[in-house]
Structures are given as structure tokens and as C-alpha cells.
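Engineer: I'd like to go over a predicted model; first the sequence, then the structure.
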Amino acid sequence: MTFANAPRPWMTDELQMVRDTARRFFETECVPHLKKWQEQGHVDRPIWRRAGELGLLCAGIPEQYGGGGGSFLHEAVICEEQMRAMVNSFSINVHSGIVAHYLLAYGTEAQKQRWLPGMARGETIAAIAMTEPGAGTDLQRITTSAVKDGDDYVINGAKTFITNGLLADIIVVACKTDPTAKAKGVSLVVIETKDLAGFRRGRLLEKVGQQGQDTVELFFNDMRVPQANLLGGEEGKGFAQLMQQLPRERLVLAIGCAATMQRAVDETLAYTRDRKIFGDSLLHLQNTRFKLAECQTKATIARSFLDDCVARLARHELDIPTAAMAKWWVSQATCEVVDECLQLHGGYGYMQEYPIARMYADVRVSRIYGGANEVMKEIIARAMENQ
């Protein structure tokens with residue numbers, strides 16, 4: 001047994017089959033195209049449909065809405081395999097792990113029937129638009145407005161850092177339906193982007209890492225959207241909906257980081273075993289062995305902590321502070337491990353042809369998105385104050 005293949009307490013034969021399917025898909029149908037996707041800044045649309053054909057989209061959504069009928073565990077193993085293969089050029093996590101569950105949890109029956117089946121097939125690509133240029137993590141301060149006019153909302157504003165934004169067919173947009181209120185003024189409105197007047201996608205944003213992942217700005221100028229697209233059909237619930245989904249979202253992010261951390265250790269173990277220095281393997285130097293021991297320990301602790309969080313989520317017991325702990329600690333540990341592993345690669349670690357270099361660039365944003373780690377610590381501290 002290797003550390004990378006250590007048994008998981010929640011693994012079943014069915015989940016192993018999902019893992020095997022996901023691994024083959026990412027390694028054989030995605031990895032060969034990564035360079036092209038990085039150069040053009042986005043994936044080719046057919047890869048979404050292929051993922052849908054294999055049942056890798058909306059795996060945790062009930063079959064009655066076109067999903068796989070599985071649980072969070074199915075989504076977790078798909079996320080692990082995607083990050084292990086370093087295929088971050090399209091976000092199944094946002095599409096299936098976040099947007100689909102907003103629709104499932106809060107959508108009307110008509111909304112679920114309208115959007116979820118297409119998402120499961122990969123024909124409808126989904127995104128969520130929360131962050132604004134002037135608001136960042138503080139969602140109570142968003143200024144994108146949705147004003148009633150007849151049977152429509154007229155939406156004005158802008159969003160930034162939107163994952164899947166270039167290809168998205170539907171986007172869950174956080175708006176202010178009551179500009180005089182803070183949290184209670186926020187609502188979620190689903191927009192369908194095809195031929196939508198007043199909707200404009202901005203440029204592909206040039207990022208330090210994750211360069212194949214389409215990340216864009218969005219602009220709304222007197223954009224008319226039917227009031228029937230208000231998620232759940234009731235205004236002022238958006239902030240509460242966002243808060244209720246955060247534990248799941250942050251756990252998904254942490255799971256992806258942990259998979260990256262283990263991949264970094266595995267890559268570095270193989271490299272140091274083969275690399276010769278001073279007439280011997282780099283792995284035989286005590287500093288190398290001690291650094292790798294430290295890195296593997298962090299990866300093992302992360303996996304153990306996350307397995308406990310997954311079990312809590314399955315029991316509906318994963319609270320916001322614990323999810324915040326998982327998100328900040330695992331993302332921080334991953335950045336530390338990847339940095340140490342790059343150092344052990346020496347000059348080659350700085351070359352893009354080596355996976356560790358791409359991991360170094362790609363993983364840095366994990367301490368920022370999903371709520372900056374400083375915000376995670378504030379959430380934990382507030383919970384401690386209220387004990």
C-alpha cells in the first residue's frame with residue numbers, strides 16, 4: 001500500500017468504479033489537450049458533453065432531474081481525480097458541486113426540471129456570479145441591482161473572476177433586489193445567456209495559474225430576465241442560501257487541494273529517487289528524506305481531517321466553522337507542501353514541463369477563492385467567541 005492509495009473509510013465498490021471512470025477520463029481525454037486549453041484560455045465545449053455521457057456531471061443530483069442519483073461522496077472522488085490529474089481547465093466543482101445544488105436545494109420544481117437535466121448531460125454549462133470589483137468576499141456590499149419591471153427584473157451591474165463564465169449557458173447571479181437592505185436585500189437570479197440583450201462577457205482574465213480555466217468579467221446593462229428565474233421564487237433569501245451552501249463548497253475546495261498535495265509528494269518522491277547528486281540518489285540525502293516526511297505527514301493529516309468532514313456532511317452535521325477550518329488549513333498546507341516539493345526539484349522545478357511547476361502556479365489561488373483564508377480564520381474566531 002502506498003500513501004496515495006491509502007484506504008478511505010467511506011470508499012465502496014461503487015465509488016471505486018466512479019473513481020476508475022473519472023481517472024481514465026481525465027488522464028486519456030483531458031490531459032493530452034491541456035496545453036491547447038491553456039493557450040486558448042478555455043476548454044473545447046465537447047469535453048463537457050463527454051463528461052456528461054460518462055456520468056461525471058451532477059453525480060450527486062437525483063435521477064429524476066437527470067443526475068447520477070449519488071451522494072457527495074461521488075462528487076468527492078470525481079473532484080479528487082480531476083485535481084490529481086491536474087485538469088483544472090474546466091470546473092466541474094462549480095457546475096456540479098455548487099450551481100446544481102443551489103438549484104436542487106432552492107429551485108422550484110419547474111426550475112429544477114428546466115435546468116438540471118441539461119447540466120447533467122453537459123449541454124448546459126453553469127456558473128455562479130457573486131464577486132464584484134468593489135465587493136470581493138463581502139457579499140452584503142454587492143451593488144448589482146435587480147429592479148422589477150412588469151414580469152421581468154431589469155439587472156444592472158458587473159461581476160468579476162467568474163469561473164466557467166466564458167462558456168456558461170446559465171449563471172446564478174447574486175443581485176440586490178432591495179438596495180436599502182444588507183443581507184436581506186440579496187437575491188439569486190438565474191440568467192440564460194443565449195441571445196440575452198444587455199448581457200456581455202468581458203475579456204478572458206490572464207491569471208498566474210489555472211490558465212486553461214476560463215475566468216471572465218460579466219457586464220449587465222438593462223438586462224431583462226423573467227421574474228420566474230428568481231431562485232426559489234422569493235426575494236431576499238439569497239444571502240441565507242449562499243451561507244447554507246458554503247460548508248459544502250469549502251469542503252469541495254479542500255478536497256481538491258488535498259489531492260494536489262498528495263500528487264506533489266508523489267511527483268517529488270519519484271524525482272528525488274531518480275535524480276543523482278554527489279554520486280547518489282537525491283532521496284538518500286537526509287534533508288530530502290526529512291522534507292518529504294514532513295510533506296507526507298501534512299498530506300495524511302489533511303486526508304484524515306477531510307474524511308471526518310465528509311462523514312459529518314453525510315450526517316448533515318458539517319458546520320460553517322469546521323468547513324472554514326478545512327478550507328484554510330488544507331489550502332495553506334498544500335501551498336507549503338508544493339513549495340517544499342518544488343525546492344527539492346531544484347532548477348527543474350521552475351520549468352513548466354515539470355508538473356510541480358504548474359502545481360505551484362495553480363494552487364496559490366486556493367488561499368483566496370471560496371473566501372480568503374483570513375476570512376476563514378475570522379469565521380472560526382467568531383464561533384469561538386460565541387461558545
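Structural biologist: Arrived safely.
Engineer: Please give the element, helix or strand, for the nearest residue to residue 229 once chain neighbours are set aside.
Structural biologist: Among residues not flanking residue 229 along the chain, residue 190 sits closest, at 4.6 Å (CB to CB, 6 or more residues apart in numbering). C-beta: built from backbone N, CA, C; applies to glycine. In the assignment (DSSP states H and E), residue 190 maps to strand 186-192.
Engineer: what about that strand, average pLDDT?
Structural biologist: For strand 186-192, the mean per-residue pLDDT is 96.
Engineer: burial measure for the residue nearest to residue 229, as a count.
Structural biologist: The number of residues packed near residue 190 is 23, by other CB atoms under 10 Å.
Engineer: ditto for the one 4 residues further on
Structural biologist: Here the count is done by other CB under 10 Å, and residue 194 has 7 residues near it.
Engineer: Could you do residue 186 as well?
Structural biologist: A total of 26 residues lie near residue 186 under the criterion other CB under 10 Å.
Engineer: what residues are up against it?
Structural biologist: Counting by CB atoms under 8 Å, 6 or more residues apart in numbering, residue 186 touches 139-140, 142, 174-177, 236, 238-239, 242.
Engineer: Relative to residue 145, how far out is it?
Structural biologist: To residue 145, residue 186 is 11 Å away according to CB to CB, to the nearest Å.
Engineer: got any residues that touch both of those two?
Structural biologist: Common neighbours of residue 186 and residue 145 (CB under 8 Å, 6+ apart) are 175-177.
Engineer: Which residue, other than its chain neighbours, is closest to the most centrally placed residue in the chain?
Structural biologist: With distances taken as CA atoms, centre = their mean, the residue of the chain nearest its centroid is residue 93 (4.3 Å). Excluding the flanking residues, the one nearest residue 93 by CB to CB, 6+ apart is residue 252, at 5.1 Å.
Engineer: quick one: that neighbour is in a helix?
Structural biologist: Yes - assessed with DSSP: H, G, I helix; E, B strand; the rest coil, residue 252 lies in a helix.
Engineer: what's the burial count for it?
Structural biologist: For residue 252, the number of neighbouring residues by other CB under 10 Å comes to 24.
Engineer: for residue 154, same thing?
Structural biologist: Residue 154 is flanked by 17 other residues according to other CB under 10 Å.
Engineer: Equivalent analysis for the one 3 residues further on, please.
Structural biologist: Under the neighbour criterion other CB under 10 Å, residue 157 is assigned a count of 21.
Engineer: The residue nearest to it when sequence neighbours are not counted and residue 172: what is the separation?
Structural biologist: Residue nearest to residue 157 in three dimensions, not counting chain neighbours: residue 144, with 2.8 Å by CB to CB, 6+ apart. The gap separating residue 144 from residue 172 is 12 Å, by CB to CB.
Engineer: Also residue 277?
Structural biologist: Taking CB to CB, one finds residue 277 at 52 Å from residue 172.
Engineer: Rounded mean pLDDT for stretch 250-259, please.
Structural biologist: 95.
Engineer: quick one, what contacts residue 8?
Structural biologist: Going by CB under 8 Å, 6+ apart, residue 8 touches 303, 307.
Engineer: Inside strands: which ones of the shared contacts of residue 186 and residue 145?
Structural biologist: Counting by DSSP state E, these place 175-176 in strands.
Engineer: Which of the shared contacts of residue 186 and residue 145 are buried? Put it as a PyMOL command.
Structural biologist: In PyMOL, a selection of the buried entries from the shared contacts of residue 186 and residue 145 looks like this (16 or more other CB atoms under 10 Å):
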select buried, resi 175+176+177
